[in-house]
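Engineer: Predicted coordinates and the sequence they were generated for:
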There are 2 protein chains.
Amino acid sequence: MLTEGFSYELLATRGRARAGILHTPRGDILTPVFMPVGTVGTVKAMAPSELQAAPIDAKIILGNTYHLYLRPGLEVIADHGGLHGFARWDRPILTDSGGFQVFSLAQNNKVDEEGVTFRSHIDGSSHRLTPEVSMEIQGVLGSDIAMVFDQCPAADCSDAEHLAAMKRTTAWAQRCARVERPAGQSLFGIVQGGLSVEHRLRHRDQLLEIGFDGYALGGLSVGEAPSEMYRILDAVAHQLPAERPRYLMGVGTPEDLLRGVHSGIDMFDCVMPTRNARSGTLFTSEGKVQIRNAKYRRDLGPLDPECPCYTCTTFTRSYLRHLFKAGELLFSRLATLHNLSYYARLMRSLRNAILEDRELPGL
Amino acid sequence: MLTEGFSYELLATRGRARAGILHTPRGDILTPVFMPVGTVGTVKAMAPSELQAAPIDAKIILGNTYHLYLRPGLEVIADHGGLHGFARWDRPILTDSGGFQVFSLAQNNKVDEEGVTFRSHIDGSSHRLTPEVSMEIQGVLGSDIAMVFDQCPAADCSDAEHLAAMKRTTAWAQRCARVERPAGQSLFGIVQGGLSVEHRLRHRDQLLEIGFDGYALGGLSVGEAPSEMYRILDAVAHQLPAERPRYLMGVGTPEDLLRGVHSGIDMFDCVMPTRNARSGTLFTSEGKVQIRNAKYRRDLGPLDPECPCYTCTTFTRSYLRHLFKAGELLFSRLATLHNLSYYARLMRSLRNAILEDRELPGL
């Protein structure tokens, strides 16, 4: 039961790494792709016009169901005809299901077979999410890619807990798949199973039986060592269906993206480039720059000499450090613009290497 | 002793209101003009590219000597060849002298005939500003218009205190005028005298004897009633030299700008549009909008239907309210962009009315 107008076109491979195009009714997404996170209807500090302009040129962004449901609330977004109209973003949007947030952010969450009851982290008000409610919310948001409502257990939980979470996630995924979606909205399944390859493959099989437009790996980068995540990626990613997009949720560092692409992943999202930007950690071709460091006080060079973004082509490291130290709003803008440019350029360089059958840069 | 390359060209008058061009070696400034305030080398939340694009199209911005001297410090700015290079602003800059800030912001300030000793509001370190030091700092900043170091007494101080401040400001102005400035840097005198027309005119005469490139009215909008300021403006502004630009410092509301232009003022600066933007007070053709108000929660209209700025042509009031309530950085950007657009468009509408000999809009 695949969604009409939604398909993955594989263009080239290099080892297990893939370059392709995700076709959606709202436009094509060149993969591998990094999706900037727009938690409450805005990628923090960025205007839509900047995200769509080179060198970021984001083809898709992510919105958070949990956050948007709590604030501004569904009726406000429905007034705008959905999240695209609300945030004035006319390219594809992926929404998570709220599952991860109700377990990580909300207070007093209580899970049962039907769903999760929790209290808002904003005002303590009581709410309940079920697979059906999550799909209904994502329907109002009108995202182009919806995610199934899943239970994401802690990395260090017991085997029995992992098995229970897998079983529940499968049952919830079935219920999500039965909910009618708006025209053109695709639905991805989420493979759980912790750090066990066996669990992961078994859960994959359960989801394949239901059938989804794409498959995500959830429950990674939740506290385990990077080497553990890489082990799972190397063993599992290429065993997800080749004809469907593969999405590694909530990951990660530039190194993580490289390893993910190498293992066969097509899609990533993470708050790292935007959050790190605001706290002064900047990714450059010369490594990480902690802009607060005294050594940049009189550094007249660009933040990253290889980066074509407005920040790097306009200002000095000295000026950026000054803005950071003075707590100026312009810093968050310029830093976010740069970090997202760095991530976008990294993904394009990986894509081009695959298309041209070259060694992946950085490996 | 006028500065080469710096002149005021009067194009038209309507009553006492004037439209003209301030010619500077770094470019022309169309007057009347509002100058956005860039306290520490950035107009808060704005990129230089946005300030220079329509509809703001700022021809000049202001920098604060006191703030920049404390942070990042002069050697950092000198490294960049001055404030233009540091902030990447290639149009004219006006710097204040630091006088107002050492009296209003700094701690433990002690004034004597030579200058002012004070403690930094940032780290409590001890500093001393004199007319000569202020001019030296403004020389390093490399502004296109420097201001004399003055003493700005409180609005409600005694007549004797006003007279003493005037006398001191005149002596300091003489000392400022004797300091050699960078090529192309002009110098404005500041007329004090509180709310007495007689004092104002007497102080004007003292400054005229020294001779400056322009004349400012200082010590207004410091706590007195608007009607008191308007009384001074109506009596004094048109008695400043007609062949020189007239600058009303630190003012003000849209109504203040209208009254100022009406009385013959050419230049204004104020943090009001930028500061109010960040706290959610927006100026529109339909009056002030407090965007936090519940009535905007589901308001799908533009912030200001008559405004061509990115904020107003892209987003709904409902979305802007959501950003404000969620404390999102994008709000400060969009709100500042709009308020500065509003001020710029107001000044252009006044200028056009004068050039076309029409009634000033809003009077």
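Structural biologist: Thanks, I have the structure now.

Engineer: what residue lies at the spatial centre of chain A?
Structural biologist: Among the residues of chain A, the one closest to the centroid is residue A:269, at 2.1 Å (Cα atoms, centre = their mean).

Engineer: Run through the bridge partners of it.
Structural biologist: Beta-bridge pairing of residue A:269 under DSSP bridges involves residue A:35, residue A:251.

Engineer: Same check on residue A:287?
Structural biologist: Here residue A:287, judged by DSSP bridges, has bridge partners residue A:284.

Engineer: Report the contact partners of the residue nearest to the centre of chain A.
Structural biologist: Residue A:269 is in contact with A:34-37, A:62, A:94, A:247, A:249-251, counting by Cβ atoms under 8 Å, 6 or more residues apart in numbering or on different chains. C-betas here are computed from N, CA, C, even on glycine.

Engineer: who's in contact with the residue lying farthest from the centre of chain A?
Structural biologist: What lies farthest from the middle of chain A is residue A:298; by Cα atoms, centre = their mean that is 36.4 Å. Each residue near residue A:298 by Cβ under 8 Å, 6+ apart is listed here: A:318, B:75-76, B:79.

Engineer: Which among these count as buried?
Structural biologist: Among the contacts of residue A:298, those buried by neighbour count (16 or more other Cβ atoms under 10 Å in any protein chain shown) are A:318, B:76, B:79.

Engineer: distance of the first one from residue B:49?
Structural biologist: Just to be clear, that refers to residue A:318. With distances taken as Cβ to Cβ, to the nearest Å, residue A:318 is found 20 Å from residue B:49.

Engineer: Wasn't the residue farthest from the centre of chain A part of a strand?
Structural biologist: No: applying DSSP: H, G, I helix; E, B strand; the rest coil, one finds residue A:298 to be coil, outside a strand.

Engineer: Do a quick rundown of the helices in chain A.
Structural biologist: Ranges of helices in chain A, per DSSP state H, are A:48-52, A:65-70, A:74-79, A:83-87, A:99-104, A:131-141, A:159-178, A:197-210, A:226-236, A:254-263, A:272-278, A:310-314, A:317-325, A:329-355.

Engineer: what's the least confident stretch among those helices?
Structural biologist: Lowest mean pLDDT within the helices of chain A: helix A:99-104, at a mean of 86.

Engineer: what does chain A put close to chain B?
Structural biologist: A:40-42, A:44-49, A:71-72, A:75-76, A:79-80, A:86-88, A:297-298, A:300, A:310, A:314-316, A:318-319, A:321-323, A:325-326, A:328-330, A:332-334 (Cβ under 8 Å from any Cβ of the partner chain).

Engineer: List buried residues within the residues you listed.
Structural biologist: Burial by neighbour count, 16+ other Cβ under 10 Å: within the residues of chain A next to chain B this picks out A:40-42, A:44-48, A:72, A:76, A:79-80, A:86-88, A:297-298, A:310, A:315-316, A:318-319, A:321-323, A:325-326, A:328-330, A:332-334.

Engineer: can you tell me the residue of the stretch 101-250 of chain A closest to chain B?
Structural biologist: Residue nearest to chain B within the stretch 101-250 of chain A: residue A:122 (9.2 Å; Cβ to the nearest Cβ).

Engineer: What are the phi and psi values at that residue?
Structural biologist: phi -90, psi -50 (degrees, to the nearest 10).

Engineer: Also the one 3 residues further on?
Structural biologist: Phi and psi for residue A:125, reported as degrees, to the nearest 10, are phi -70, psi 150.

Engineer: Could you pull up the contacting residues of it?
Structural biologist: residue A:119.

Engineer: how much space between it and residue B:292?
Structural biologist: Distance of residue A:125 to residue B:292, given as Cβ to Cβ: 20 Å.

Engineer: ditto for residue A:354
Structural biologist: Taking Cβ to Cβ, one finds residue A:354 at 49 Å from residue B:292.

Engineer: Same drill for those two, tell me which one is more crowded.
Structural biologist: Just comparing residue A:354 and residue B:292: by other Cβ atoms under 10 Å in any protein chain shown the higher neighbour count belongs to residue A:354, 23 against 13.

Engineer: Just grab the bridge partners of the spatially closest residue to the more buried one that is not a sequence neighbour for me.
Structural biologist: The shortest distance from residue A:354 to any non-neighbouring residue, by Cβ to Cβ, 6 or more residues apart in numbering or on different chains, is to residue A:19 (3.9 Å). Here residue A:19 sits in beta bridges with residue A:12, going by DSSP bridges.

Engineer: Any idea how many residues pack against the closest residue to residue A:361 other than its chain neighbours?
Structural biologist: Sequence neighbours aside, residue A:349 is the residue nearest to residue A:361 in space, at 5.2 Å (criterion: Cβ to Cβ, 6+ apart). The number of residues packed near residue A:349 is 15, by other Cβ under 10 Å.

Engineer: if I read this right, residue A:349 contacts residue A:363, doesn't it?
Structural biologist: No: using Cβ atoms under 8 Å, residue A:349 makes no contact with residue A:363, being 11.6 Å away.

Engineer: Mind listing the shared neighbours of those two?
Structural biologist: Common contact partners of residue A:349 and residue A:363 (Cβ under 8 Å, 6+ apart): none.

Engineer: ok, residue A:93 - how many residues close by?
Structural biologist: 26.

Engineer: and the nearest residue to it once chain neighbours are set aside, what does it touch?
Structural biologist: Spatial nearest neighbour of residue A:93, excluding adjacent residues (Cβ to Cβ, 6+ apart): residue A:143 at 4.6 Å. Residues in contact with residue A:143 (Cβ under 8 Å, 6+ apart) are A:63, A:83, A:93-95, A:185.
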